[in-house]
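1. With the input below, show me the fold.
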Amino acid sequence: MISIYKTLDESGTLHSTDTIEPGCWVNIVAPSEEDLLLVSKKVGVPLDFLKSALDEEETSRIDIEDNNLLVIVDIPFTEMEDNSLTYDSYPLAIIHTEHSIITVCLKNSKILTDFIDNKVKSFFTFKRSRFILQILYRIASYYLIYLRQIDKKSLMIEQKLHKSMKNKELIQLLSLEKSLVYFSTSLKSNEITLEKMLKLEILQKYPEDQDILEDVIIENKQAIEMANIYSNILSGTMDAFASVISNNLNMVMKLLASITIVMAIPNIIFSSFGMNVAGIPFNANIHAFWITYGIAAVLCLVAIVILRRKGLF
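-> Numbering: from 1, shown residues only. Predicted coordinates for the structure are as follows:
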């Protein structure tokens, strides 16, 4: 899908157009081969640049060819999987040409949707270098937002885990830990790319652009620190709860063993009195049945008291 946008004046209002014009923004989402060929011919961008973001394993990097600047960064995504919100990252290609900006991504991102919905202030498609920096700043901001969501979600799951102790909650925590690993890897990869962007001549023209880029680097570093902290906390939490579950299992087994010992006492007594031989105690007593039950009950109570004192019941 190809969408073309352009800000026509200084008011910053974004308008949709049907043709690629100077100063426009071409947003490409999950494109076909024909879409990429069309844009490549009209804008004069290498086809490899347009295809670079279609590989999910593409790493963050910068490339320059024929006055076309390619910036690939990993952006955060949220997806619903098994009625649960999961987090992942996908590459986004930002191509700075002589007359326009092109973005290519496998999926529709909330980061770019915010620009389309005019949620970003001082956004103009004809200010190409500024637009790139605004996208990068938005990416770092969404990483921070999603990291806080992961932290809150892990706390909610932890509270449920206190009560249920089921595998479902542990699997959810494992999924969040995996998301944190993805985020941490993507953020570190983006950090290298952002550091390289400080040396680009395109971003050296305006002091404001340099300030924005420095803010982006600071936000990205903060997100890296948050991801590492949350990952360590989550890893420690999972280890602690795994130990708790194992300890609870030991307690259950100990209780069952104690019950087995107590139940074995009346079984032995009734087996002895049930032998069909002469000389059984209380054989001629009309209350032999209840006397036997009484002896078994007393011995069971004695066994329970002894086991409780030893902490086994």
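2. Identify the residues contacting the residue positioned nearest the centre of the chain.
-> Centroid-nearest residue in the chain: Ser179, 3.0 Å away (criterion: Cα atoms, centre = their mean). Ser179 makes contacts with 86-88, 150, as judged by Cβ atoms under 8 Å, 6 or more residues apart in numbering. Yep, even glycine has a C-beta here, placed from its N, CA and C like the rest.
3. Is it correct that Ile4 falls within a strand?
-> Yes - per DSSP: H, G, I helix; E, B strand; the rest coil, Ile4 lies within a strand segment.
4. for the contacts of Ser179, which one is nearest Ser129?
-> Asp88 (28.9 Å; Cβ to Cβ).
5. and the helix or strand harbouring the closest one, which strands flank it?
-> Per DSSP states H and E, Asp88 falls inside strand 84-96. Taking DSSP bridges as the criterion, strand 84-96 forms sheet pairs with strand 68-81 (antiparallel), strand 101-105 (antiparallel).
6. With just CA atoms, put that strand into CSV.
-> C-alpha atoms of strand 84-96 as CSV (Å, rounded to 0.1, in the frame of the first residue of the first chain):
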residue,chain,number,x,y,z
SER,A,84,-2.6,-11.5,25.2
LEU,A,85,-0.7,-8.3,24.1
THR,A,86,2.9,-9.2,22.9
TYR,A,87,5.7,-6.8,22.0
ASP,A,88,8.2,-7.1,19.1
SER,A,89,10.3,-4.9,16.8
TYR,A,90,10.4,-4.6,13.0
PRO,A,91,12.7,-2.6,10.7
LEU,A,92,11.6,0.7,9.3
ALA,A,93,13.4,2.2,6.3
ILE,A,94,13.6,6.0,6.0
ILE,A,95,14.9,7.2,2.7
HIS,A,96,16.0,10.8,2.3
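7. Work out the gap between that strand and the centre of the chain.
-> Relative to its chain's centre, strand 84-96 lies at 13 Å (Cα atoms, centre = their mean, to the nearest Å).
8. what's the answer for stretch 117-125, then?
-> 28 Å.
9. what's the answer for stretch 55-69, then?
-> Using Cα atoms, centre = their mean, the offset of stretch 55-69 from its chain centre is 26 Å.
10. Can you pull out the residues in contact with it?
-> 44-46, 49, 52, 70-74, 90-91, 95-98, 106, 186, 189-190, 192-193, 196-197, 200, 202.
11. Of the strands paired with strand 84-96, which is nearest Glu34?
-> Among the strands paired with strand 84-96, strand 101-105 comes nearest to Glu34, with 14.4 Å by Cβ to Cβ.
12. as a whole number, average confidence for whatever helix or strand comes next after the closest one?
-> With elements assigned by DSSP H and E, the helix or strand that comes after strand 101-105 is helix 110-116. The pLDDT scores in helix 110-116 average 86.
13. before we move on, back to that, out of the contacts of Ser179, which end up buried?
-> Taking 16 or more other Cβ atoms under 10 Å as the criterion, what is buried in those is 86-88, 150.
14. Could I get these in TSV, plus columns for distance to Met226?
-> Shown next, in TSV, are the buried ones among the contacts of Ser179 (distance: Cβ to Cβ, whole Å):
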residue	distance to Met226
Thr86	18
Tyr87	13
Asp88	17
Ile150	9
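15. so how far is the longest helix along the chain off the chain centroid?
-> Of all segments of type helix in the chain, defined using DSSP state H, the longest is helix 207-273. Offset of helix 207-273 from its chain centre (Cα atoms, centre = their mean): 18 Å.
16. same thing with stretch 293-309?
-> With Cα atoms, centre = their mean as the basis, stretch 293-309 stands 53 Å off its chain's centre.
17. Let me know whether Asn27 touches Ile111 as I believe.
-> No - counting by Cβ atoms under 8 Å, Asn27 stays clear of Ile111, with 11.1 Å between them.
18. beta partners of the nearest residue to Ile95 once chain neighbours are set aside?
-> Nearest residue to Ile95, sequence neighbours excluded (Cβ to Cβ, 6 or more residues apart in numbering): Ile102, at 4.1 Å. Under the criterion DSSP bridges, Ile102 forms beta bridges with Val26, Ile95.
19. neighbours of Ile102, just the number please.
-> 25 (other Cβ atoms under 10 Å).
20. and what of Val73?
-> So Val73, with other Cβ under 10 Å, has 27 neighbours.
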